[in-house]
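Undergrad: Quick one, fold the following:
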Amino acid sequence: MQIRSHVLHLLATPHAENRFRDSYLPQSIRAATGCRPHEAWEALWGLLADGLIYLDPQGQPGSDNWRWKLSERGRKAVQGPWEPYDPEGYLRRLRRQVPDLHPIAYQYVQEALQAFNAGCYLACSVMLGVAAEQVFLGVAEAMVAALDSSAEKLRKELGNSKSSQNARFQALRARLEPMRPTLPDDLGDNLTMDAVADLLRVTRNEAGHPQGRAVDEDTAYTHLQMAARYLGKMTALAAHFAQQSAHQHTGSQQNDGPAASS
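TA: Predicted coordinates:
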């Protein structure tokens, strides 16, 4: 477990050691994580700077009985299902649940989390828009390969350098709509499609250009909570079409093979 996440979960545990001095909480962190002394202190002060923990002096002039405690933001980081305030925990869960996520998309999610925790909410949403583009293109290319001529409109949109991502997305969605009842695990559900469309159309196409669009903390927070789910579903949808394409290719090779001798 990463040091920061360990500290957050430790401080959320009732009656856990949380006293300030090196022989108390820092020593407990070192024993649990195997980190070096300065790494424990760096984690604590870093969490303090990020507003996830604070020092409660307990009315004591000396530091012996000062206590490290979770802030309200820190409690959300521990309790939330996909918690942007705990970027290490968020990314660890993302790697576990979406192991095949495209490396470029993963990189931009990392950037989005860094921007969010630095208070750069517009930048956060733009980074998520880029991640959404990456997974969307993976789905679109896999769909074209699997469906061939029946996805001709989408193929043309992908091949047209002047087409917007929104136009490409709408072509994909139109072709996907009649297939939704047959897709496994509800991969083409409207909630996922709407979330992707929002980031492609609004935060990427508008926020990424100088039009003065504002993104507040709540909006960026919601985008990050949705992002993990739709990135996972879109990655699985691309894998579904890639598998279809592979089966078709295998079947074509078998049909084109030499005829058996009579």
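Undergrad: I figured I29 was touching C35, is that so?
TA: Yes - between I29 and C35 a contact is recorded at 6.7 Å, counting by C-beta atoms under 8 Å. To be clear about C-beta, it is placed using only N, CA and C from the backbone, and glycine gets the same treatment.
Undergrad: Could you name every residue contacting both of those two?
TA: Listed as contacting both I29 and C35 by C-beta atoms under 8 Å, 6 or more residues apart in numbering are 3, 43.
Undergrad: How about R180: what's its closest non-neighbour residue?
TA: Once flanking residues are discounted, R180 sits nearest to G188: 4.3 Å by C-beta to C-beta, 6 or more residues apart in numbering.
Undergrad: Distance-wise, check the one you found relative to E152.
TA: G188 sits 19 Å away from E152, going by C-beta to C-beta, to the nearest Å.
Undergrad: Who has more neighbours out of the two?
TA: Comparing G188 with E152 by neighbour count (other C-beta atoms under 10 Å), the higher total belongs to G188, at 22 against 13.
Undergrad: quick one: what helix or strand has W68 in it?
TA: Using DSSP states H and E, the element containing W68 is strand 67-70.
Undergrad: what does that strand contact?
TA: By C-beta under 8 Å, 6+ apart, the list of residues contacting strand 67-70 from outside reads 7-8, 11-12, 18-20, 25, 44, 52-56, 58, 78.
Undergrad: Tell me which residues of it come out buried.
TA: Judged by neighbour count using 16 or more other C-beta atoms under 10 Å, the buried positions of strand 67-70 are 67-68, 70.
Undergrad: which among the residues you listed gets closest to N166?
TA: Using C-beta to C-beta, L70 is the member of those that lies nearest N166, at 41.4 Å.
Undergrad: can you map out the helices along the chain?
TA: For the chain, the helices defined by DSSP state H cover 3-11, 25-33, 37-49, 72-79, 87-97, 103-117, 121-147, 152-159, 165-176, 190-198, 217-255.
Undergrad: and for the fifth one, what are the contacting residues?
TA: Pointing back at helix 87-97 there. Residues outside helix 87-97 that contact it (C-beta under 8 Å, 6+ apart) are 2, 4-5, 8, 77, 82-84, 101, 106, 109-110, 113-114, 117, 224, 228, 231-232.
Undergrad: Mind giving me the PyMOL command for buried ones among those residues?
TA: PyMOL command restricting the contacts of helix 87-97 to the buried ones, with burial defined by 16+ other C-beta under 10 Å:
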select buried, resi 2+4+5+8+77+82+83+84+101+106+109+110+113+117+224+228+231+232
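Undergrad: Tell me where the model's unsure across the stretch 1-150 of the chain.
TA: Residue ranges of the stretch 1-150 of the chain with pLDDT under 70: 1, 80-81.
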